[in-house]
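Need a 3D model of the following:
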Amino acid sequence: MQGSVVWGWLGPLLVAVFGGVLRFVDLGRPRAVVFDETYYAKDAWALIHYGVERASLGTVDDPVADRMIIAGNTDFLVKCTPPEADPCPLYVAHPPLGKWMVGVGEQIFGMTPFGWRFAA
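Just a heads-up that it's a prediction; the model follows:
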């Protein structure tokens, strides 16, 4: 900023802090799996732990895995047993980089709504 080096740095930093507070306060709310988080969060967890997406328990009509995750149970992925009909992955639709970023948030903050929303 012309005339004041302090405000040239302090002004943008204050705006960034304000934006960060608005972004991260209550990020874990609602404590539920919402919309396409049902795909991103589970695929990200599988990528971090197995290196590949895997199918999860339940169906779209009966999201057993979503209820397990919210309850704190992370054993929601289908066990893959090749060479039989491999259930893994179920449906890979989202970009891998985004899922890896979500997975890093899950690693840092846990398999929680805050954890999978942090990277976004």
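
roughly how far is the helix or strand of the chain with the lowest mean pLDDT from the heart of the chain?
One helix or strand of the chain scores below all others by mean pLDDT, DSSP states H and E: helix 37-50, with a mean of 91. In this view, helix 37-50 has its centroid 7 Å away from the chain centroid, taken as C-alpha atoms, centre = their mean, to the nearest Å.

Run through who's touching that helix.
By C-beta atoms under 8 Å, 6 or more residues apart in numbering, the surrounding residues in contact with helix 37-50 are 33, 52-54, 56, 63, 65-66, 69, 74, 76-77, 89, 91-94, 96, 98-107, 111, 113, 116-117. (Glycine included, C-beta is placed from N, CA and C.)

Give me the subset of these that lies in helices.
Under the assignment DSSP state H, the contacts of helix 37-50 contribute 65-66, 69, 96, 98-107, 113, 116-117 to helices.

Now the buried members of the residues you listed.
Ala65, Asp66, Ile69, Lys99, Met101, Val102, Gly103, Gly105, Glu106, Pro113, Trp116, Arg117 (16 or more other C-beta atoms under 10 Å).

so the second one touches Leu57, yeah?
Which is Asp66. No. With contact defined as C-beta atoms under 8 Å, Asp66 does not count as touching Leu57 (9.5 Å).
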